[in-house]
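# With the sequence up front, the predicted model follows.
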Amino acid sequence: MQVNKWWLTVGVIWTVLFAGMSFYWAMGGRLGVRSLGGAIYEMSLHPEPSFILVVWLTGFVKLLGALLLLLLLVPWKNTVISKVLYYLTKIAGVFLFVYGLLNFITISMGAFAILDMDLEAHATFWRLVFWEPFWMIGGICYFFSVKKYRSV
């Protein structure tokens, strides 16, 4: 498997930043949480212990992405492991990109009153300018972290 170390490095940094935001919010930080809007923002104002637990768990799950990327650097002798890591990384990249793109489309439709979205203008702006493109950038990083699969 050929690894693109530049994209992989950016992907790990992206993932750690993404997880770090969850950890910050789980510890009670408020900076940026209003930009999420909707129910998540409402729950963050007076969080239940179960909500805080979910935010912590979300951060740890996000860190698994960094582990996936770092595992690409291991020179696996077993081609099955190498192939599984290759396809998991590609699938994760596509998922992250498509998730951000679909959210971008639906939030844009809400901004043009085509869909009835429960987002205030502040959250709509930040979701379109930062959050959804952030998801898509992460997807690009993951997808291009592996160039192509070939058996050694």
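Received, thanks.
# In a helix, residue 147, correct?
No. Applying DSSP: H, G, I helix; E, B strand; the rest coil, one finds residue 147 to be strand, outside a helix.
# Longest helix of the chain, counting residues only.
helix 79-111 (DSSP state H).
# can I assume residue 31 sits in a helix?
No. Residue state for residue 31 (three-state DSSP) corresponds to coil; a helix is not indicated.
# What's the local residue count around residue 21?
19 (other C-beta atoms under 10 Å). Placement of C-beta: from N, CA and C, glycine included.
# Quick check: which element contains the residue most central in space within the chain?
Note on the chain: the residue nearest the mean C-alpha position is residue 135, at 5.0 Å, using C-alpha atoms, centre = their mean. Taking DSSP states H and E as the criterion, residue 135 maps to helix 132-145.
# What is that helix packed up against?
helix 5-26, helix 49-71, helix 79-111 (3 or more C-beta pairs under 8 Å, 6 or more residues apart in numbering; DSSP states H and E).
# From the contact counts, what lies against the longest helix of the chain?
The contact analysis (3+ C-beta pairs under 8 Å, 6+ apart) places helix 79-111 against helix 49-71, helix 121-126, helix 132-145, strand 146-148.
# Turn these into a markdown table, including mean pLDDT and distance to residue 14.
Shown next, in a markdown table, are the helices and strands packed on helix 79-111 (pLDDT from 0 to 100; distance: least, C-beta to C-beta, whole Å):
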| stretch | mean pLDDT | distance to residue 14 |
| --- | --- | --- |
| helix 49-71 | 97 | 9 |
| helix 121-126 | 96 | 18 |
| helix 132-145 | 98 | 5 |
| strand 146-148 | 87 | 16 |
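# May I see the helices and strands packed on helix 132-145 organised as JSON lines, with distance to residue 145 added?
Formatted as JSON lines, these follow (distance: least, C-beta to C-beta, whole Å):
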{"stretch": "helix 5-26", "distance to residue 145": "4"}
{"stretch": "helix 49-71", "distance to residue 145": "6"}
{"stretch": "helix 79-111", "distance to residue 145": "6"}
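# Good, we can wrap up now.
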